[in-house]
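# predicted model and sequence follow; I will ask about them next.
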Amino acid sequence: MLNNAHRIVSSDVEELILVDENDNETGHLSKAECHNGDGVLHRAFSVFLFNDDGNMLLQQRAGSKRLWPEYWSNSCCSHPRRGEDMQAATERRLRDELNANAQLEYVYKFSYHARFDESGSENELCHVFVGKVLGDIKPNEHEIQRIRFVSSRELDAELDERPEQFTPWFRMEWRTLCEQHADLLSRYAM
């Protein structure tokens, strides 16, 4: 089901945007350096995509990922690169990871820190978007192991039964979307 033709993979040498707690740009650092040890606060984004039936697209991260390999997560998550605005970054990563387009709506942003054993940490100020996927999805096997669509009810049950199978940022973001942005979420989710 995964498409072998896609070879674009995010790189540890790409420069990410460092930010302060107010999301003001403070500099640049390689992706690898941003994730070493306890990490350095940098700008990121998470996208939650829904199909016409109101089901959300989940991805299982590739086994080759440094942080949280083979964990289930939201539809797409990544970082804007140095000199790249958020719209360009989300469009690029939707193409790179899913070979997909979407109409996105910005919801909120928050910062979090999560450590993945000795492999490193996420230390991000993350912008969260929801949207509707447009057209077919062709996942990049170098970024994504598997995809599936789930209803909100199915996802809530899985998160209650097996939270350890999901990335920490996804669990935080989904809870916030459900608790603080339910009206907006109801326009997309079943």
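Happy to help now that I have it.
# which residue ranges of the protein form helices?
31-35, 86-93, 152-161, 168-180, 182-186 (DSSP state H).
# spatially central residue in the protein, please.
Nearest to the mean C-alpha position of the chain, by C-alpha atoms, centre = their mean, lies Cys77 at 1.9 Å.
# list the contacts for it?
Ala44, Phe45, Ser46, Val47, Arg93, Cys126, Thr167, Trp169, Phe170 (C-beta atoms under 8 Å, 6 or more residues apart in numbering). For glycine as for every other residue, the C-beta is placed from the backbone atoms N, C-alpha and C.
# using a markdown table, lay out those together with pLDDT and neighbour count.
Listed next are those as a markdown table, based on pLDDT from 0 to 100; neighbours: other C-beta atoms under 10 Å:
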| residue | pLDDT | neighbour count |
| --- | --- | --- |
| Ala44 | 98 | 26 |
| Phe45 | 98 | 22 |
| Ser46 | 98 | 27 |
| Val47 | 98 | 24 |
| Arg93 | 95 | 20 |
| Cys126 | 98 | 20 |
| Thr167 | 98 | 22 |
| Trp169 | 97 | 21 |
| Phe170 | 98 | 23 |
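# among those, which one lies nearest to Asp160?
Phe170 (14.3 Å; C-beta to C-beta).
# residue contacts, the closest one?
Ser46, Trp72, Ser73, Asn74, Cys77.
# and with 6 Å instead?
Shown in contact with Phe170 (C-beta atoms under 6 Å, 6 or more residues apart in numbering): Ser73, Asn74.
# which one of the helices of the chain lies nearest to Arg115?
That would be helix 168-180 among the helices of the chain, by C-beta to C-beta, at 9.3 Å.
# pull out the buried positions in that closest one.
Pro168, Trp169, Phe170, Arg171, Met172, Glu173, Trp174, Leu177 (16 or more other C-beta atoms under 10 Å).
# just give the nearest non-adjacent residue to the first one, would you?
Meaning Pro168. Ala114 (4.1 Å; C-beta to C-beta, 6 or more residues apart in numbering).
# so what's that neighbour scoring on pLDDT?
Predicted confidence (pLDDT) for Ala114: 97.
# wait, isn't Asn74 in contact with Ser46?
Yes. Between Asn74 and Ser46 there is a contact at 5.2 Å, judged by C-beta atoms under 6 Å.
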